[in-house]
Structures are given as structure tokens and as C-alpha cells.
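Undergrad: coords please:
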Amino acid sequence: MDRTNLTMLTDFYEITMANGYFKNGMKDKIAYFDMFFRKVPDNGGYAIMAGMEQLIQYIQNLKFTQEDLDYLRSKNLFCEDFLQYLKNFRFSCDVWAVPEGTPIFPNEPVVIVRGPIIEAQFVETMILLTINHQSLIATKSNRIVRAADGRAVMEFGSRRAQGYDGAIYGARAAYIGGCMGTACTIAEREFGIPALGTMAHSWVQLFPTELEAFRAYARHYPSNCTLLVDTYNVLKLGIPNAIQVFREEVVSRGFRPAGIRIDSGDITYLSKKARKMLDEAGFPDCKIVASNSLDEFIIRDILIQGAQVDLFGVGERLITSRSEPVFGGVYKLVAVEENGEIVPRIKISENVGKIINPCFKQAWRLFDKETGKAIADVITLHDEVIDEEKPYELFDPEYTWKRKTVTNFRAHRLLVPIFENGKCVYESPALKDIRNYCKKQTDTLWEEVKRFENPHQYYVDLSLPLWQTKEALLQKYSV
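TA: Residues are numbered from 1 along each chain as shown. The predicted model follows:
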């Protein structure tokens, strides 16, 4: 998977612009691009950064094959000198990014690319494709896992994903967000995510009776026997048959039943009844698994209603982020180098939310030393340093009279070096470590920020020098 050449997976205008830059003698002009997003999916309070490892693999494999060049030549749009340039193409940019698993917020840079304009522009499509997709699924997964309130969540969405890459990398992102396993077998082979699953309804239907189906399964898997009990009737057939088979085929072999799964009906009602029946049968340790078009809102509601569910299997509404299936990350030019100086660039719009923050920047997260909680994020010029030993004044970049001075804080740089002059200088952590890091970092957010509805706004402020630069550019280009 990491050897796949995806160089031509790009918007065609990236190539037409590259040819134009080349013909205008601009191929060596240094440019700075930011990737950021404008809105948290599902109107949530934060998102989760994911996809960096696949982006690294893409950049490391970035090269134009003879087949690529022959295709471009057939378009009769590109000069031969440009095609020769592509033949010898080498990525030489610097890249900074926010580590995977970090909570991220609108309008702050999560990836910064600096380098020759053709190279820095060309990677736009794959940066957005990779980070947008996995951040979307990691964010949805994190919401669902939090709704489960300590109960395990399994990602069950492979068959409903948007294509096989959506299934594979969606499983990876879901694990980062907090899922404990996946139904996607290849995800365990590639990433070490525990692959989980037992039986489908077809297994039960294939046998003359449900009881025989359960017996056949339990004989082969007595040490991990979870039975699907809703093929015919959960309470009249499924649970009684499961209890009988647990006694005859599982306990008799020295094991304990792993669980039952309910995939339809009123989960709250059925799980309560199932729990009572299993307890009375002497199986209080038998887990109840629930699946069937679940999401964070359904899980939260059935638990409030007293559902006796120990594990959740969540499929289509997780792997597609069905409630809001787009993560609106964008990639914008923010500065260029001229005569050895960094010159800011800005994009202005009638829509205030689409006005970008110019300049080569760094993003910081301020933590309260006493509580360990995140106070706010601050975007600064790249060479600014936030001095932890001095009080620091935060102000809203739009409503500038809203101000707060913070003391006794720790300032943490969010963006870390990934590539230097085209060479990867970052070692991606193990996936389970990214997952653990995500949990720890999410715990630094106040509960009010993590509300599903009307979360408290977490502030992303600009430093005074950056704000002043932005205001000057707005005045310069205002007509």
C-alpha cells in the first residue's frame, strides 16, 4: 500500500498551473501554503487530526513515470521542456504538520508547505484528500466513542464505505479516534488494528434450526463464542437457544460465553430483557453487543434510557460520517519569498469567514499549568516565541475588545517538522500510540467544548503582530 504511485491523483489544474509557472520562469519561486479547515463537522467543538502517515508515504513516492509523461504529452498542452522537468522531478519542500491524534480547530494551519511553487502547489490535492478524509472519520469516531461512555466501540463499516480506500483508511482513522477494533481484516494486516467478528444471519439461516447453528459455531469457537440472537426472535428463541448452547458447548469445555449480539429491534428494551435472562442463567459476565445503524446520538439516548449494552458495533454512520460527510479543509497560498524576504499574501472575500490568515506561521496551544486544560490556541508569525514566564494577552481577532490575560501557562508548538528539503525527518508513531495520544489530548479539553450540541467555542486567536499584518493587507487591498 505504501508503494502505490499516486502522483497523477491530482486536480488537472495543478498541472496546467505548473506548466504556466515553468513557462513564466517561476519554477524556483518559493511559496508558502497552509492547509486549514473552516468548520467542525456536526457542529462539534473540535476535530481530530489524522492521515499524516499516508501523506508522508505519498510524498516519498512522488515521481512521474514514463506512462504519466506519455499521457501528459498526448494532451498537446504542455511544452517539452516542462515534461523533461517532470521526468526529473524531485520533491524538495519543507513541510510542517500537527501530529495525528491532536484535537484541531477551525482556521488554524494543520499542514504548512514551503518550497518551489510547482512542488508546493502540486501536492494540494493529495494533502486535502488524505487529511480531509481521515480527519473526518477520526472526528466522527471520537464522538461515537465518547457517547459510549467507556463502553467499547468496534468499527463495522467496510461494506458501506465509499470505496476500498475509504474502508481501509477509514478503519485506521476510526481507531485513532478511539474505536477498539474493526471488521476490516486488511486493516489488521496493514496497521495492527484488532480485526473482530463472529457470524452473520446467513450462518443461522443455513442450518435447519437456530439451535443447531449456535451449536456448530460454539463447537469451533468455544473460547470466544458470541452468538447473533436476532435472526428470528430475540427473546423467545435467540436468548434461550444461546443460553442452552453456552451451557452445553462452552461451559462444558471449561470456557465462559463471550457474548450475544443484537442487530435489530428496540435495543434498549431487548438489551434489558436479555441482561436479565443471561444473569438468571448464571452468565452475568456474558457481554451484550449492539449494532444496527448506530451513531453518537442513538448510543447516547439508549444509554440514558438504561440500555444494558457492553459493546457497540458501528458501521455506515461512522465510516461515511453520514450526518456530515465532508471535512472542509482548504489549501491556500499565504506568502512568497522575494529577494530573500517572506512577503505575506492574502485572499479576501465578501464572506468574512473565507478571508485567510496570511504569513508564514506557527500555531501554539496554551495549557493551564494548574488544571492541565487547554486555554486557547494562538497563531503567530513563524519566528515569534510565546514567553511562558510573562503574562500573555489573548484577544478575539474579530471582536478585538474581547481580551483575556493568561498567566501560569505552558505554551506548546503544534506544528512539527515533517520534511526538510524533501527529506522526511519525522518518524510516525505506532498507531496504538497515536490512539492513546488522541485520548490524552482530548482529555485536556473542557467538557463544555466536547458537548454534542452547542459546544462552548474554543478560541483560536492571532498574535498581535500577525493580526496587525492581516489588518494592513486588508486595508491595502480594500477598494
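Undergrad: okay, now the residue lying closest to residue 456 once chain neighbours are set aside: neighbour count?
TA: With sequence-adjacent residues excluded and distances taken as C-beta to C-beta, 6 or more residues apart in numbering, residue 456 is closest to residue 448, at 3.8 Å. From N, CA and C alone the C-beta is placed, and that goes for glycine too. The tally of other residues near residue 448 (other C-beta atoms under 10 Å) stands at 12.
Undergrad: can you name the residues that contact residue 448?
TA: Residue 448 makes contact with 45, 455, 456 under the criterion C-beta atoms under 8 Å, 6 or more residues apart in numbering.
Undergrad: tell me how many other residues crowd the last one.
TA: Here the count is done by other C-beta under 10 Å, and residue 456 has 13 residues near it.
Undergrad: tell me who's in contact with it.
TA: Counting by C-beta under 8 Å, 6+ apart, residue 456 makes contact with 45, 446, 448, 449.
Undergrad: now swap in the second one and tell me
TA: Residues counted as contacts of residue 455 (C-beta under 8 Å, 6+ apart) are 43, 44, 45, 46, 448, 449.
Undergrad: can you give me the distance of it to residue 42?
TA: Remark: distance between residue 455 and residue 42 (C-beta to C-beta, to the nearest Å) = 10 Å.
Undergrad: now the common contact residues for those two.
TA: Common neighbours of residue 455 and residue 42 (criterion: C-beta under 8 Å, 6+ apart): none identified.
Undergrad: restrict stretch 255-267 to CA atoms and write it as CSV.
TA: The C-alpha coordinates for stretch 255-267 follow below in CSV (Å, rounded to 0.1, in the frame of the first residue of the first chain):
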residue,chain,number,x,y,z
PHE,A,255,-14.8,-21.7,28.9
ARG,A,256,-17.2,-18.8,29.5
PRO,A,257,-19.5,-17.3,26.9
ALA,A,258,-18.1,-14.2,25.3
GLY,A,259,-21.4,-12.5,24.3
ILE,A,260,-24.6,-12.2,22.3
ARG,A,261,-25.2,-9.6,19.6
ILE,A,262,-28.5,-7.8,18.8
ASP,A,263,-28.7,-6.3,15.4
SER,A,264,-32.3,-5.2,15.1
GLY,A,265,-35.3,-4.1,17.1
ASP,A,266,-35.5,-1.8,20.1
ILE,A,267,-32.0,-2.1,21.5
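Undergrad: how far does stretch 132-143 sit from the chain's center?
TA: Offset of stretch 132-143 from its chain centre (C-alpha atoms, centre = their mean, to the nearest Å): 4 Å.
Undergrad: for that stretch, the averaged confidence score.
TA: Across stretch 132-143, the average pLDDT comes to 98.
Undergrad: cool, stretch 69-78 as well?
TA: On average, stretch 69-78 scores 97.
Undergrad: go through that stretch and flag the buried ones.
TA: By neighbour count on 16 or more other C-beta atoms under 10 Å, the buried set for stretch 69-78 is 72, 78.
Undergrad: how far out from the middle of the chain is that stretch?
TA: Stretch 69-78 sits 36 Å away from the centroid of its parent chain (C-alpha atoms, centre = their mean).
Undergrad: who touches it?
TA: Outside stretch 69-78, the residues that touch it by C-beta under 8 Å, 6+ apart are 8, 15, 16, 19, 83, 86, 87.
Undergrad: now do it: distance from first to last residue.
TA: 10 Å (C-alpha to C-alpha, to the nearest Å).
Undergrad: list buried residues within the contacts of residue 455.
TA: By 16+ other C-beta under 10 Å, the contacts of residue 455 give 44, 45, 46, 449 as buried.
Undergrad: rewinding a little: distance to residue 294 added to the contacts of residue 456, as CSV?
TA: Shown next, in CSV, are the contacts of residue 456 (distance: C-beta to C-beta, whole Å):
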residue, distance to residue 294
45, 21
446, 27
448, 25
449, 24
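Undergrad: identify the farthest-apart pair in the residues you listed.
TA: Of all pairs drawn from these, the one with the longest distance (C-beta to C-beta) is 45 and 446, at 9.1 Å.
Undergrad: which helices and strands sit right next to the one helix or strand residue 82 maps to?
TA: Using DSSP states H and E, residue 82 sits within helix 80-87. The elements that helix 80-87 packs onto, with contact taken as 3 or more C-beta pairs under 8 Å, 6 or more residues apart in numbering; DSSP states H and E, are helix 12-23, helix 66-74.
Undergrad: got the angle for that helix vs helix 66-74?
TA: Orientation of helix 80-87 against helix 66-74 (axes from the mean of the first three to the mean of the last three C-alpha atoms, to 10 degrees) gives an angle of 160 degrees.
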